[in-house]
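Asker: Structure for the following, please:
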Amino acid sequence: MPVKNRFAELHAEVAAWRQDIHAHPELMYDTERTSALVAEKLREFGCDEVVEGIGRTGVVGVIRGRSDTRGHAVGLRADMDALPIEEATGVDYASTVSGKMHACGHDGHTAMLLGAAKYLAETRNFDGSVVVIFQPAEEGGAGGKAMCDDGMMDRWNIREVYGMHNVPGLPAGQFGVRKGPMLAAADQFSIELTGLGGHAAKPQETIDTTVMGCHIITALQSIAARNIDPTKEVVVSITSAETSSKAFNVIPQGMTLRGTVRTMSEEVRQTVRRRIFEIAEKTAEAFGGRAVLDYPEGYPVLVNHDQETDFAAEAAAKVAGSVGAAPMVMGGEDFAYMLQERPGSFVIIGNGPSAELHNPHYNFNDEIIPAGCSFFAELVESRMPAA
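Answerer: Prediction:
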């Protein structure tokens, strides 16, 4: 793999950073240790500016090139947070915090961007500025949005922005790109059903929320089959159904349904939302009960920009020799917020034959570090060649 020679030299050092982060996982916005480590490294590298506390616990580093005739800045982003999972890898550097682990590879993403930052600060073989972005709370907390809301894009004049995620099962160090929608809008909902509880031996005297809930669950599955164009991507899943009673002889007064919706376009997203409200409310009414919905919208669809995806593909091909097509995935990713603010692209890199993401046996593959670092560096040097 034709990675930059400097990253072969830095490989062990970057892997050590990754393993240290792995051993000390932090959730959501509580990334104080990781954020401090990142800021310390960026200052050691000689970054021209290091700012902490963007988006609560995010860190931004600025590296200026040999000249700045373009007045251009490229943003590179990595996520820092872990997951509330008990680790089962058995590695020497396994999580030291019970119930928390880096089960999605954010430790590797952070380490690779740090490695790229060290190289770029040493060489500065570009014309413009690089803004390295280390964000908290990707796993459900919208840390990317928080950093954008803090004015990050305008403050550092970021013109385009790029991110990367590892993918188990894809050959180690192989890259994949996709133009347009790539990861889904990820919404969640809950439906509170109210009926009339009573004795299970006298169901005729009740308004049975369990029957009501079962009919709603079945009807919601018709959205994908009957309300949405079959060529469009949509997932509606009920993931939890709880009643207000656990007794064998009580028909419960209430029932709560919870679920998630995944879509690849805003039009489909809003259609599904409308139909869930209609189905839940009208079905409950037909049974004589009542349905109250809570439907907070989650991350938007991640949409890669065409031109910037071409730039990313060219950089990846220079590193790996070729680049493949990334699949559309119904998972969510809050890099979508950054792509709403600026043109850019999100690419994937193969993690090799590892356990799947969000699995207690998952571990980031340190062998792909030189390729990931090289991609970031190549992207900067090709997008902003030295004057």
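
Asker: where does the protein dip in pLDDT?
Answerer: 1-3, 70 (pLDDT under 70).

Asker: at 50 what do you get?
Answerer: Residue ranges of the chain with pLDDT under 50: 1.

Asker: Would you mind giving the domain segments of it?
Answerer: Using automatic domain parsing, the domain parsing of the chain gives 5-183+301-383, 185-294.

Asker: Present these as JSON lines; the columns should include mean neighbour count.
Answerer: In this view, the C-beta of every residue, glycine as well, is placed from N, C-alpha and C. As requested, those are arranged in JSON lines below (neighbours: other Cβ atoms under 10 Å):
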{"stretch": "domain 5-183+301-383", "mean neighbour count": "21"}
{"stretch": "domain 185-294", "mean neighbour count": "17"}
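
Asker: can you tell me which helix in this protein is longest?
Answerer: helix 266-286 (DSSP state H).

Asker: residues in contact with that one?
Answerer: 185, 187, 189, 191, 193, 212, 215-216, 219-220, 223, 227-228, 232-234, 236, 257, 261, 263, 290-291, 293, 295, 297, 300-301 (Cβ atoms under 8 Å, 6 or more residues apart in numbering).

Asker: so after it, what's the next helix or strand?
Answerer: Where DSSP states H and E defines the elements, the next helix or strand beyond helix 266-286 is strand 290-294.

Asker: Does anything pack onto that next one? Which helices or strands?
Answerer: Contacts defined by 3 or more Cβ pairs under 8 Å, 6 or more residues apart in numbering; DSSP states H and E place strand 290-294 against strand 185-194, helix 266-286.

Asker: relative orientation of the first one and helix 266-286 in degrees?
Answerer: Yep, that's strand 185-194 we're talking about. 10 degrees (axes from the mean of the first three to the mean of the last three Cα atoms, to 10 degrees).

Asker: could you point out which element follows strand 185-194?
Answerer: Strand 185-194 is succeeded, C-terminally, by strand 198-199 (DSSP H and E).

Asker: I'd like to know which elements that next one is packed against.
Answerer: strand 250-251.

Asker: Starting from the strand it packs on, tell me which strands it pairs with and how they run.
Answerer: Strand 250-251 pairs in its sheet with strand 198-199 (antiparallel), by DSSP bridges.

Asker: Report the distance from the following helix or strand past the strand it pairs with to the chain centre.
Answerer: Counting by DSSP H and E, the next helix or strand C-terminal to strand 198-199 is helix 209-220. Taking Cα atoms, centre = their mean, to the nearest Å, the mean C-alpha location of helix 209-220 is offset from the chain mean by 32 Å.

Asker: List the contacts of the helix or strand following helix 209-220.
Answerer: As assigned by DSSP H and E, the chain's next helix or strand after helix 209-220 is helix 222. With contact meaning Cβ under 8 Å, 6+ apart, helix 222 is reached by no other residue.

Asker: Show me what whichever helix or strand comes after helix 222 is packed up against.
Answerer: Per DSSP H and E, the first helix or strand lying C-terminal to helix 222 is strand 234-243. Judged by 3+ Cβ pairs under 8 Å, 6+ apart, strand 234-243 is in contact with helix 209-220, strand 254-263, helix 266-286.

Asker: So for this structure, which residue is the most central one in space?
Answerer: Nearest residue to the geometric centre of the chain (Cα atoms, centre = their mean): residue 333, 2.9 Å.

Asker: Surely that one and residue 181 touch.
Answerer: No - the pair residue 333 and residue 181 fails to qualify as a contact (Cβ atoms under 8 Å) at a distance of 11.5 Å.

Asker: which neighbours do the two share?
Answerer: In contact with both residue 333 and residue 181: residue 302, using Cβ under 8 Å, 6+ apart.
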